[in-house]
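J.: after the sequence you'll find the predicted model.
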Amino acid sequence: MSLLQTRAVSKAFGGVQALDGCTLGVERGSLTGLIGPNGSGKTTLFNVMTGYEAVDGCTVTFDGHEITNATPDRVFQLGIGRTFQLTRIFPRLTVLENMHVAAQREGWRSLFGRWSSSREHQRALELLDFVGLTRLQDVPAGNLSYGQKKLLEFAYVLVAEPDVILLDEPAGGVNPTMIHYLTDRIRELNQRGVTFLMVEHNMEFVMGLCDRVVVMNHGEIIAEGEPEAVRSDPKVLEAYLGA
């Protein structure tokens with residue numbers, strides 16, 4: 001049984017069918033890439049999996065338990081973390097204060113408190129070191145480069161020690177040096193047992209990192225398998241290049 005799975009997910013926005021009977025399984029311990037042309041439904045599927053979009057008549061399961069239409073907070077508590085195309089950090093707080101918010105998990109109320117324990121504080125510092133942001137811990141998050149903001153959001157997600165992490169465009173707009181750094185961090189976490197599902201347009205990044213690639217087009221999954229097999233699939237070439 002897949003660790004994270006959707007069955008026959010459909011989702012429409014007005015007259016636009018964003019998802020059309022989409023079934024996807026993410027195996028435990030895998031590095032899975034989710035690719036497809038713009039508007040193919042990738043981010044909508046992420047939102048359904050993590051409770052940001054409600055659906056009818058389908059099933060989403062995590063570790064054997066149904067989580068269909070669970071709230072984002074509930075999904076997070078169960079062990080699913082995610083990042084977003086547009087980073088969701090607190091720009092006026094320092095980098096370390098952002099980690100404080102993540103550790104407390106109580107939103108803005110945590111800004112007025114202290115660390116619950118020295119262990120939480122130490123864990124936050126360890127994660128900032130893991131993503132290479134220790135020297136910037138006292139810098140307002142809004143002053144970071146775009147790539148550094150993505151690394152901070154990544155560290156923010158890691159505070160909860162999730163079993164599976166959904167990354168939405170992790171390499172988008174990031175320079176090659178930082179992409180290489182992020183790749184190493186993802187591989188290290190995967191070797192420790194963390195499962196990844198990532199939406200990404202950078203084909204070199206996906207094909208070099210993922211052990212399995214799933215391709216969407218018009219709200220449906222049209223191909224899946226090992227990177228090399230997917231790269232040469234006629235349906236994939238047609239989706240990207242036209243008939």
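T.: Perfect, thanks for sending it.
J.: got phi/psi on Thr61?
T.: For Thr61, the backbone dihedrals (degrees, to the nearest 10) come out as phi -130, psi 150.
J.: and the pLDDT for it?
T.: According to the prediction, Thr61 has pLDDT 95.
J.: so how far is the helix or strand hosting Lys11 from its chain's centroid?
T.: Per DSSP states H and E, Lys11 falls inside strand 4-13. In terms of C-alpha atoms, centre = their mean, to the nearest Å, the centre of strand 4-13 is found 17 Å from the chain centre.
J.: and for stretch 40-53?
T.: 11 Å.
J.: again with stretch 85-96
T.: 16 Å.
J.: one more: stretch 163-173?
T.: 4 Å.
J.: what do you get for stretch 129-149?
T.: Taking mean C-alpha positions (C-alpha atoms, centre = their mean), stretch 129-149 and its chain are 19 Å apart.
J.: do stretch 78-98 as well
T.: 12 Å.
J.: and stretch 236-243, by the same measure?
T.: So, by C-alpha atoms, centre = their mean, the centroid of stretch 236-243 is 26 Å from its chain's centroid.
J.: equivalent analysis for stretch 83-101, please.
T.: That offset, for stretch 83-101, works out to 15 Å (C-alpha atoms, centre = their mean).
J.: same question for stretch 212-223.
T.: Centre to centre, stretch against its chain (C-alpha atoms, centre = their mean), the figure for stretch 212-223 is 17 Å.
J.: how about stretch 19-26?
T.: The mean C-alpha position of stretch 19-26 is separated from the chain mean by 17 Å, C-alpha atoms, centre = their mean.
J.: likewise stretch 180-196?
T.: On C-alpha atoms, centre = their mean, the centre of stretch 180-196 falls 12 Å from the chain's centre.
J.: who touches that stretch?
T.: 3-4, 26-32, 130-132, 150-151, 154, 158, 162-167, 170-171, 174, 205, 208-209 (C-beta atoms under 8 Å, 6 or more residues apart in numbering). Quick note: C-beta positions are derived from backbone N, CA and C, even for glycine.
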